[in-house]
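Student: got a predicted structure here, sequence first:
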Amino acid sequence: MIAETFGVGQAVYTILWFCLFFIEIWLMIMVFFDIFRSNDLKGWAKALWVLFVLILPLIGILAYLIVRGDKMQSHAVEAARQQEVAFRRYVQSVARHPTDELAELADLKERGLLTQEEFERKKRVIVDAVPMAA
């Protein structure tokens with residue numbers, strides 16, 4: 001019954017409004033992300049921006065993009081840089097090279113913390129774990 005009265009123009013109009021609503025929600029989320037990762041905004045300023053965007057969504061989003069839009073890109077770049085640094089630090093902490101482990105074992109043996117037998121056993125474990133080059 002509804003399909004009979006719902007014409008092509010009304011379907012296009014509905015799709016248009018749905019897309020505009022989706023864009024508004026996406027922009028609101030991006031503005032909130034930027035508000036909360038901004039180090040140059042203090043607590044009350046962040047609270048006021050959030051209230052402004054929540055109470056008057058279209059005007060609040062447009063005002064934020066006009067006033068602080070140029071800083072959004074720099075905040076995103078800084079967040080991506082920090083994430084990359086954290087990732088690299090994590091990978092370096094997890095993926096140690098066997099030569100580093102052997103050097104550490106040799107250092108422990110020189111300081112007298114490992115006996116010759118312990119050193120040889122641990123060295124064999126490290127050397128056996130290294131895949132052979134084809």
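Tutor: Structure received.
Student: quick check: Leu105 touching Val125?
Tutor: No: here Leu105 does not reach Val125: they are 9.8 Å apart, not a contact under C-beta atoms under 8 Å. No exception for glycine: its C-beta is placed from N, CA and C like everyone else's.
Student: okay, those two: which has more neighbours?
Tutor: Using other C-beta atoms under 10 Å as the criterion, Leu105 and Val125 rank with Leu105 on top: 19 against 11.
Student: report the mean per-residue pLDDT for whatever helix or strand the more buried one lives in.
Tutor: Assigned by DSSP states H and E, Leu105 belongs to helix 98-110. Averaged over helix 98-110, pLDDT sits at 85.
Student: same thing with stretch 51-70?
Tutor: Averaged over stretch 51-70, pLDDT sits at 93.
Student: what lies in contact with that stretch?
Tutor: Stretch 51-70 is contacted by residues Glu24, Leu27, Met28, Val31, Phe32, Asp34, Ile35, Ser38, Trp49, Met72 when judged by C-beta atoms under 8 Å, 6 or more residues apart in numbering.
Student: circling back to that earlier point, what angle do whichever helix or strand comes after the helix holding Leu105 and helix 98-110 make?
Tutor: Next along the chain after helix 98-110, taking DSSP H and E as the criterion, comes helix 116-129. Following axes from the mean of the first three to the mean of the last three C-alpha atoms, to 10 degrees, one obtains 180 degrees for the angle between helix 116-129 and helix 98-110.
Student: what number of residues lie near the nearest residue to Asp40 once chain neighbours are set aside?
Tutor: Spatial nearest neighbour of Asp40, excluding adjacent residues (C-beta to C-beta, 6 or more residues apart in numbering): Lys71 at 7.4 Å. For Lys71, the neighbour count with other C-beta under 10 Å is 13.
Student: where helices are concerned, which of the contacts of stretch 51-70 count?
Tutor: Of the contacts of stretch 51-70, the ones assigned to helices by DSSP state H are Glu24, Leu27, Met28, Val31, Phe32, Asp34, Ile35, Trp49, Met72.
Student: run a quick neighbour tally on His28.
Tutor: Careful, residue 28 is Met and not His. Counted with other C-beta under 10 Å, residues neighbouring Met28 total 17.
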